[in-house]
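1. sequence plus the predicted model coming up.
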Amino acid sequence: MQWSLILLFLMAQCCFIDCQLYEFHYINENKTWTEAQQYCREKHTDLATVTNMTDMERLINISVGYQTEAWIGLYDQTHGTRTGFWSLPGEEFSDDDSNLNPGGTYDCGKQENCGLLVNTSTRGYASCSIQRYFLCYNETNTTHKYHLIEELKTWQEAQSYCREKHTDLMSGMNQLLDGELEEVMKSTHRKPFFGLFRDTWRWSDGSSFSFRNWNNDFNNNQPNSGQCATTVFEDGGRWKNENCDEKKPFICYSDKVILIKENKSWEDALNYCRQNHHDLVTITNMDDQRWIQQKVKNASTPFVWLGLHYTWTLHFWVWVSDEEVSFENWASCPQGNDCDVSGAMETRRGHRWLEKKDSETFNFVCSK
C-alpha cells in the first residue's frame, strides 16, 4: 500500500513537470530588449509570453535570488494601431465585438482606451486614468456572478482589485448579454468600468493573448514613454514600460507543443507525433486549452486532431497519454456511438472539441 502511494506521488510530480505546455527561463545577462529577443529565439522559442496570473506566479518563482527586473515579450512599436481586448484571460475579442457602442461615442478625439458601461446595450471607451465605479466578475460564485464595486478607482486599479478579490473585470459578450448583469446595472445610475480595453502592445511571438499586468502608474494614453515591458519582481511582478535600449536580464520561454500543417488521419497523426516528437497533445485544464487555441489559429484545416480517443470496448474517452479526461470543452455531448472516433478542436472562434471519424484528415498538434 505504501509503495503504491509513493508511485502515485512520483507520477503526479512527473506530470506536474512534463505536462506544462511551455516553460520559462530566467537569463541573468544584461541585454537590450531586441538583443534579448534574438537570444531567446536562437536558444529557446521567444521572449516570455505571459497568459494569466498562474504564469505570473511561475515568473516570480524562477526569479528568486536574481535581480528585481527583467524583460518580457511585450512591446509597443505599432505606431498607434490599437486593438480591442478583454481583461479576462481566454475571452477573445472578435470583429463582432468591435461595434460595442451603438448609442454614442466616448472617444472625443482622444486616445481613450478603457471600457465604460452606460447600460447593457450602450458601451464604449473612456479615459483609463479617471476614477470610476467598476464591475467585477466571479466565476466561482454561481448565485451572484457580477459585483458592482462602489469605490472610485482607475481602470488599472479596478482590474487589480477584481483579480485579487474576485476573478477579473466583467468581460466578454456572453457576460454583457447576461440577464443578471442587466439587473445589476438597473440598481445604479453610475457608468462603471468593465473589462474592455484597447492598446497598441503586442507579444513578440505574435500571439494575441490579452493578459496585461501593468503597475498602477502605467498610462496607456502616453505614447513613446517606453516601448518595451519589464516585470518588476519587487512590485509583485507588476509590469512597467521602459526604453527598449536599456540593458536588463530577461525571461525566455520554450514551447513544448507544435502545430503540424499536414493533413493526416488520427492514427497517422499519432504515429507521426510519436516518431518525430513525443505524442499527440493532451489538454488537462483551461490554461492548456488557451495555449493550444493560439497555436491552432494558424492551421490550414477547420479542425485539428488532439490526443483524445474513444475506447469503444470500454465506452469512455481517454487521452493517449493515459491522463484522465477531467477537463472537457465539447461543443456538444459526444455520442460515442461509432467505432474509430477521436477528438478534434475547432481552429476558429470557439475552439470547442468535436467527435470526428478517425479516417478524416486534419492538421494536428504534437507535444515535444
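-> Structure's in. What do you need?
2. so where do the helices sit in the stretch 101-250 of the chain?
-> Using DSSP state H, counting those that start in this stretch, the helices of the stretch 101-250 of the chain run over 155-165, 173-176, 179-186.
3. neighbours of His144, just the number please.
-> Residues contacting His144 under the criterion other Cβ atoms under 10 Å number 9. All C-beta spots, glycine's among them, are computed from the backbone N, C-alpha and C.
4. oops, could you answer that again for Arg238 instead?
-> The number of residues packed near Arg238 is 19, by other Cβ under 10 Å.
5. residue ranges with poor pLDDT in the stretch 51-200 of the chain?
-> Applying pLDDT under 70 to the stretch 51-200 of the chain flags residues 78-80, 95-111, 142.
6. that one: strands as residue ranges?
-> Assigned by DSSP state E, counting those that start in this stretch, the stretch 51-200 of the chain shows strands spanning 69-75, 83-86, 114-119, 122-126, 132-137, 146-153, 168-169, 193-199.
7. paired strands for the second one, with orientation please.
-> To tie it back to what came earlier, the one meant is strand 83-86. If you go by DSSP bridges, strand 83-86 pairs up with strand 193-199 (antiparallel).
8. quick one, the strand it pairs with and strand 132-137 angle?
-> 100 degrees (axes from the mean of the first three to the mean of the last three Cα atoms, to 10 degrees).
9. what angle sits between strand 193-199 and helix 155-165?
-> Relative orientation of strand 193-199 and helix 155-165, computed by the same axes, to 10 degrees: 120 degrees.
10. ok, back up a step: mind checking which of the helices of the stretch 101-250 of the chain is nearest Phe85?
-> The closest of those to Phe85 is helix 155-165. By Cβ to Cβ, the value is 11.8 Å.
11. which neighbouring elements make contact with that closest one?
-> Packing contacts for helix 155-165, counted by 3 or more Cβ pairs under 8 Å, 6 or more residues apart in numbering; DSSP states H and E, involve strand 132-137, strand 146-153, strand 168-169, strand 193-199.
12. using TSV, lay out these together with mean neighbour count and distance to Asn263.
-> Below are the helices and strands packed on helix 155-165 laid out as TSV (neighbours: other Cβ atoms under 10 Å; distance: least, Cβ to Cβ, whole Å):
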stretch	mean neighbour count	distance to Asn263
strand 132-137	24	40
strand 146-153	16	44
strand 168-169	25	38
strand 193-199	25	37
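13. now tabulate those in JSON lines and tack on distance to Gly307.
-> Shown next, in JSON lines, are the helices and strands packed on helix 155-165 (distance: least, Cβ to Cβ, whole Å):
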{"stretch": "strand 132-137", "distance to Gly307": "32"}
{"stretch": "strand 146-153", "distance to Gly307": "37"}
{"stretch": "strand 168-169", "distance to Gly307": "30"}
{"stretch": "strand 193-199", "distance to Gly307": "33"}
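14. so Trp266 sits against Asp358, correct?
-> Yes - using Cβ atoms under 8 Å, Trp266 is in contact with Asp358, at 4.2 Å.
15. who touches both of the two?
-> Residues touching both Trp266 and Asp358 (Cβ atoms under 8 Å, 6 or more residues apart in numbering) are Ser342.
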